[in-house]
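> Need a 3D model of the sequence below.
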Amino acid sequence: MRTDRKTPVKEYQRKQLLERVNRDSATVGVTLPEAIEIQGEEINLREFVFEIKRRDTIPPGERERVDHAKRNLRRERIERLSLIDENEVSYEEGETIAEAIIGIDRALNALEQLGPANLEQEAKKQEAVDTKRWMSFLKKALGDDKMSGTRGRM
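Sure, this is the predicted structure:
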């Protein structure tokens, strides 16, 4: 990715860039990038995210497409972060890469907030998981024998 031989980023600058992209609030107020190059392919990121977000939920047919996009965005984030982390860029290049990483994080946040298409089915799954967790807790808290009511009565 490095095409020119500018002054490498200084250690304190590299740490600043890494802290900036890893900050919890890094995406607050950041707009989605219009487009981004991922795996050598130009993606209209803003259009894709807005198209998916308009629906509020991800239909079953689109779930695979969205999951694939999220995997690619995560992979690209790691690759770009490693350029800064391994000190392979100038400070100017690091700034540009940091902005792109924050844009990727913004897109990932937007896609992660989308719910499943079938809320009723998802609620039933969650209820089953909660019930199982509750029963496991009770067994541990009361002991396996107490669940049958034979032990622990006074």
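> for stretch 11-22, what is the average pLDDT?
Per-residue pLDDT over stretch 11-22 has a mean of 91.
> Tell me which helix or strand Arg14 sits in.
helix 11-22 (DSSP states H and E).
> Residues contacting that helix, please?
Applying C-beta atoms under 8 Å, 6 or more residues apart in numbering, the external contacts of helix 11-22 come out as 9, 26, 81, 84-85, 87, 91, 94-95, 97-98, 101-102, 105. Yep, even glycine has a C-beta here, placed from its N, CA and C like the rest.
> mind listing what's buried in that helix?
13-14, 17-18, 20-21 (16 or more other C-beta atoms under 10 Å).
> circling back to that earlier point, could I get the contacts of helix 11-22 in CSV, plus columns for secondary structure and distance to Asn72?
Formatted as CSV, these follow (DSSP: H, G, I helix; E, B strand; the rest coil; distance: C-beta to C-beta, whole Å):
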residue, secondary structure, distance to Asn72
Val9, coil, 26
Ala26, coil, 20
Leu81, helix, 15
Ile84, helix, 19
Asp85, helix, 20
Asn87, coil, 25
Tyr91, helix, 27
Gly94, helix, 22
Glu95, helix, 23
Ile97, helix, 17
Ala98, helix, 19
Ile101, helix, 14
Ile102, helix, 17
Asp105, helix, 14
